[in-house]
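Colleague: Sequence and predicted structure below; questions after.
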Amino acid sequence: MLCLGVETSCDETGVALVSEHGLLGQRLASQEAVHAVFGGVVPEIASREHLRVLPLIYRELLRETGTRSADLGAVAVARGPGLLGSLLVGVSFAKALCLSLDAPLVGVNHLWAHLLAPGLEGEMTFPALGLLVSGGHTNTYFIESPLDFRPLGRTLDDAAGEVFDKVAKDLNLPYPGGRLVDRLAGRAEPDRDMFPRAYIDNASLDFSFSGLKTAVIQHLSGRQGLRFEDLRLEGLDSVLDDPPVDLARVCASFNWSVVDTLRIKVERALRACAGARSLVVAGGVAANSMLRRAMAELAADHGLILSLPGPDLCTDNAAMIAHAGRLILGFGRRHGLDLEAVPRGRAVPEDWVRES
Ligand code: KG4
Ligand code: ZN
């Protein structure tokens, strides 16, 4: 069955086609450049861009893959959590398609879709311990099956990706700067005493990153020369390839503090709920080089199979939405045309209806 996936939860507009043979094709239109000048995503601009771009990339995807609308067996759409105005564009588009084609609609939890994404590249093993690290979330789950996620820990303040982006912003790097900090961090050894690993001296499975963020910003405020505006170097690329050693060390030490905090909490979560056979790491920050190495080591130490999507599948995309939609349909679940979008901060309900 051919399933169209639609992703508009933040600043990436995506459409993808997934069948039993895997990913047939996808189109992703990034709004990064539009929002970069504002140093973050501007919700109203994001919605307007989705509205403009979504029908265009849908047409392109059909043309590229030689597909007709009538071939679609189902439409899966990211229904939250995300920016409400952005989600409404994707959900309305998906509903309109389903109405006109008389095809089933499936609303997909964007966070679950991230954690199910490795299934597009190979078999996943359940139960799994899931770590979702993105721009908006830092969550751990015990995942019994693609329909059964038990929340374990979450961030009490900033998400890991948000802290990467804020540190990058303080360095005057363009938004979103996580991957640039990653590149700089690769150029030095971390100083493990430079920054704190917040909220680890307790039994909690929750995370807190705001203390680390403040520590890095304070460190930088006393060293104005580390900021990009003061470096007086030509292009960004040349700095990223050969950064001043102090700058690279700050990035490496900050990156290490985030990664080691994640490692400690994942190990704690594994102890709290025995039985996981695999470790899944997903979301934009799962593209981080140091985190990928640390999680590979952790999985090996605990005898767990590691499911880590390729870097392109870590960040927001529609392939993961189409894939999760097919899995939900495979369990005989779908949604009606009354499907609601769920904004950030609200739990996404498991309000599927059974396939009749
Ligand atoms: O999952 P995602 O694409 O969007 C959300 O749902 O939030 O994650 C985006 C986040 C951004 O904060 C971005 O800076 C971060 O992922 N990110 C990284 C890397 N690549 C993307 N953070 C650290 N290292 C990376 N290589
Ligand atoms: Zn995401």
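Modeller: Sure, I can see it. Residues are numbered from 1 along each chain as shown. Ligands and ions are numbered 1, 2, ... in the order given.

Colleague: Which residue, other than its chain neighbours, is closest to the closest residue to ligand 1 within the stretch 1-150 of the chain?
Modeller: The stretch 1-150 of the chain approaches ligand 1 most closely through G135 (2.8 Å), counting by CB to the nearest ligand atom. To be clear about C-beta, it is placed using only N, CA and C from the backbone, and glycine gets the same treatment. Of all residues not flanking G135 in the chain, G161 sits nearest, at 3.8 Å (CB to CB, 6 or more residues apart in numbering).

Colleague: Go ahead and confirm that neighbour touches R179.
Modeller: No: G161 is beyond contact range of R179, at 10.2 Å (criterion: CB atoms under 8 Å).

Colleague: For the two, indicate the residue with more neighbours.
Modeller: Per other CB atoms under 10 Å, whichever of G161 and R179 has more neighbours is G161, with 25 against 19.

Colleague: quick one, what contacts the more buried one?
Modeller: With contact taken as CB atoms under 8 Å, 6 or more residues apart in numbering, G161 is in contact with 133-136, 176, 178, 283-285.

Colleague: out of those, which touch ligand 2?
Modeller: S134 (CB under 5 Å from the ion).

Colleague: what would the contacts of G161 look like in TSV with pLDDT and secondary structure?
Modeller: Conversion of the contacts of G161 to TSV gives the following (pLDDT from 0 to 100; DSSP: H, G, I helix; E, B strand; the rest coil):
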residue	pLDDT	secondary structure
V133	98	strand
S134	96	coil
G135	93	coil
G136	93	coil
P176	89	coil
G178	96	helix
G283	96	coil
G284	95	helix
V285	98	helix
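
Colleague: for the contacts of G161, which one is nearest ligand 2?
Modeller: Of all the contacts of G161, ligand 2 sits closest to S134, with 4.4 Å by CB to the ion.

Colleague: Which residue is the nearest non-sequential neighbour of the closest one?
Modeller: G283 (3.4 Å).

Colleague: Just confirm that neighbour contacts T140, I think it does.
Modeller: No: checked against CB under 8 Å, the pair G283 and T140 is beyond contact range at 11.6 Å.

Colleague: which neighbours do those two share?
Modeller: Common neighbours of G283 and T140 (CB under 8 Å, 6+ apart) are L132.

Colleague: And the strands in the stretch 251-356 of the chain?
Modeller: 278-282, 305-307, 333-334, 353-354 (DSSP state E, counting those that start in this stretch).

Colleague: out of those, which comes closest to S92?
Modeller: Nearest of the strands of the stretch 251-356 of the chain to S92, taken as CB to CB: strand 333-334 at 17.7 Å.

Colleague: average model confidence for the closest one?
Modeller: In this model, strand 333-334 has a mean pLDDT of 98.

Colleague: And stretch 109-121, by the same measure?
Modeller: Stretch 109-121 comes out at a mean pLDDT of 97.
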